[in-house]
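Chemist: missing the sequence, but the structure's below:
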Ligand SMILES: [Zn+2]
């Protein structure tokens, strides 16, 4: 069972309390980008076996979006944080390193 904690209102609940919104920290490509960049933005998503960063919405609560770092194999949640964050907070990256030394995800480690 996946248990998440909304960093906006502090409510902790099962994943049915929330709604998954796909991959986090996606670089968006707009006007002036190449077709390959835009295609990659739309369709090329990570699907790792292990550490992953995702967008979630507190659907049955405050309604706000946030980001979560979790392990896709164990469902362990390393932490949740504001959706207005451009990279995972240091304390979450350190928590992941403590459990999964040598992990990488995109440009993060
Ligand atoms: Zn909330």
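Modeler: That came through fine. Because the structure is a prediction, the values reported are computed rather than measured.
Chemist: residue 109 is in contact with residue 101, isn't it?
Modeler: No - with contact defined as Cβ atoms under 8 Å, residue 109 does not reach residue 101; the gap is 10.3 Å. No exception for glycine: its C-beta is placed from N, CA and C like everyone else's.
Chemist: what does this structure have sitting close to the ion?
Modeler: 6, 8-9, 58, 61-62 (Cβ under 5 Å from the ion).
Chemist: buried subset of these?
Modeler: Using 16 or more other Cβ atoms under 10 Å as the burial test, these include 6, 8, 58 as buried.
Chemist: which residues touch the helix or strand of the chain with the lowest mean pLDDT?
Modeler: One helix or strand of the chain scores below all others by mean pLDDT, DSSP states H and E: helix 35-43, with a mean of 91. Outside helix 35-43, the residues that touch it by Cβ atoms under 8 Å, 6 or more residues apart in numbering are 26-29, 33.
Chemist: which of the residues you listed lies closest to the ion?
Modeler: Nearest to the ion out of the contacts of helix 35-43 is residue 26 (Cβ to the ion; 21.9 Å).
Chemist: returning to that earlier point: what would the residues of the chain next to the ion look like in a markdown table with pLDDT and secondary structure?
Modeler: Shown next, in a markdown table, are these (pLDDT from 0 to 100; DSSP: H, G, I helix; E, B strand; the rest coil):
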| residue | pLDDT | secondary structure |
| --- | --- | --- |
| 6 | 98 | coil |
| 8 | 97 | coil |
| 9 | 98 | coil |
| 58 | 98 | coil |
| 61 | 96 | coil |
| 62 | 98 | coil |
